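Participant: Output the structure for:
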Amino acid sequence: MEYLVTMTTHVPQGTRDEEVDDVRTREAANTRKLAAQGLVLRLWRPPLAPGEWRTLGLFAARDTTELERVLASMPLRLWRTDEITELPPHQNDPGPGAAADLRPKDGEVPREFLVTFTPAVPGGTPAEEVAEAQRREAEAASELAREGYLVRLWAPATGQRPAPALGLWRAEDDAQLQAILEGLPLHPYAETDVTPLTPHPSDPATSASR
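Facilitator: Sure, this is the predicted structure:
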């Protein structure tokens, strides 16, 4: 099972810089070990306000018990709170490693985004119209994965109704991503929330490429 973990760190006032540096060094070493075991898949930084220290992590574990063991082993847990979201795969998920490589024309590394899709079907919309859009959405998701834009798609276990979808997307910039999202067949029937991502220094994907 995969999990999205929002990790928020609050270093106590008065903590010596040397202690913070030591914990962060041990955290990076521990993260490399967990990544080698296939337990930490990705790490990102979302947009941060001044003074914020927050990380988004994609983890893999057999269950929440194993996940808790993994999170508890991380040195920064001393000062950190974790918010966990279970991520069952969405029916249109291309699957790990299925998305093609995406290289923008200028050769820059593509940007990544987390996008939440919350169903918002206008009242009175015929059910067959929505069903047809869902059918075309599955075709579009497959094509966008082949092109390298859609990386993963999950159905978060949030208990929310109607159930949202969460996607990891790549694009050259905000404008290109917005154009892709507006072209999706289900766009008229959903609200979208986009979180731009920057790689964390210990992100296994970027660390492996260095």
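Participant: Looking at Gly38 now. What's its pLDDT?
Facilitator: If you check Gly38, the pLDDT there is 96.
Participant: so it, which of the three states?
Facilitator: With DSSP: H, G, I helix; E, B strand; the rest coil as the basis, Gly38 sits in coil.
Participant: List of residues touching stretch 77-90?
Facilitator: The contact list for stretch 77-90 (C-beta atoms under 8 Å, 6 or more residues apart in numbering) reads 1-12, 23, 58, 64, 67, 71, 74, 95, 153-158, 165-167. The way it works is simple: take the backbone N, C-alpha and C, and place the C-beta from them, glycine included.
Participant: May I have the distance across that stretch, first residue to last?
Facilitator: 30 Å (C-alpha to C-alpha, to the nearest Å).
Participant: For that stretch, buried residues please.
Facilitator: Arg77, Arg80, Asp82, Ile84, Glu86, Leu87, His90 (16 or more other C-beta atoms under 10 Å).
Participant: Quickly list what the nearest residue to Asp174 once chain neighbours are set aside is bridged to.
Facilitator: Once flanking residues are discounted, Asp174 sits nearest to Pro196: 7.2 Å by C-beta to C-beta, 6 or more residues apart in numbering. Beta-bridge partners for Pro196, by DSSP bridges, are Phe113.
Participant: Use 2 as the first number from now on
Facilitator: In the new count, where the first residue is 2, that last one comes out as Pro197.
Participant: what's near enough to touch Pro197?
Facilitator: So Pro197 contacts Pro47, Pro48, Arg112, Glu113, Phe114, Asp175 (C-beta under 8 Å, 6+ apart).
Participant: Got the domain ranges for this structure?
Facilitator: Here the domain parsing of the chain from automatic domain parsing is 3-88, 112-200.
Participant: just so I know, which of those domains lies nearest Asp102?
Facilitator: Between Asp102 and the domains of the chain, the shortest gap by C-beta to C-beta is with domain 112-200, which sits at 5.8 Å.
Participant: That closest one - what's its average pLDDT?
Facilitator: On average, domain 112-200 scores 95.
Participant: and if you look at stretch 54-68?
Facilitator: Averaging pLDDT along stretch 54-68 gives 97.
Participant: Any chance you could list what contacts it?
Facilitator: For stretch 54-68, the surrounding residues in contact (C-beta under 8 Å, 6+ apart) are 2-12, 39-47, 49, 71-72, 85, 87-88, 115, 196, 198, 201.
Participant: Sort out for me which of those residues are in helices.
Facilitator: Val71, Leu72 (DSSP state H).
Participant: Filter the contacts of stretch 54-68 down to the buried ones.
Facilitator: 3-6, 8, 10, 12, 40-46, 71-72, 85, 87-88, 115, 198, 201.
Participant: measure the residue nearest to Phe60 when sequence neighbours are not counted to Arg63 for me?
Facilitator: Closest residue in space to Phe60, ignoring its immediate chain neighbours: Tyr4 at 4.8 Å, by C-beta to C-beta, 6+ apart. Distance, Tyr4 to Arg63, using C-beta to C-beta, to the nearest Å: 11 Å.
Participant: Identify each of the helices in the chain and give its residue range.
Facilitator: Under DSSP H, the chain gives helices at 18-37, 65-73, 128-148, 175-183, 205-210.
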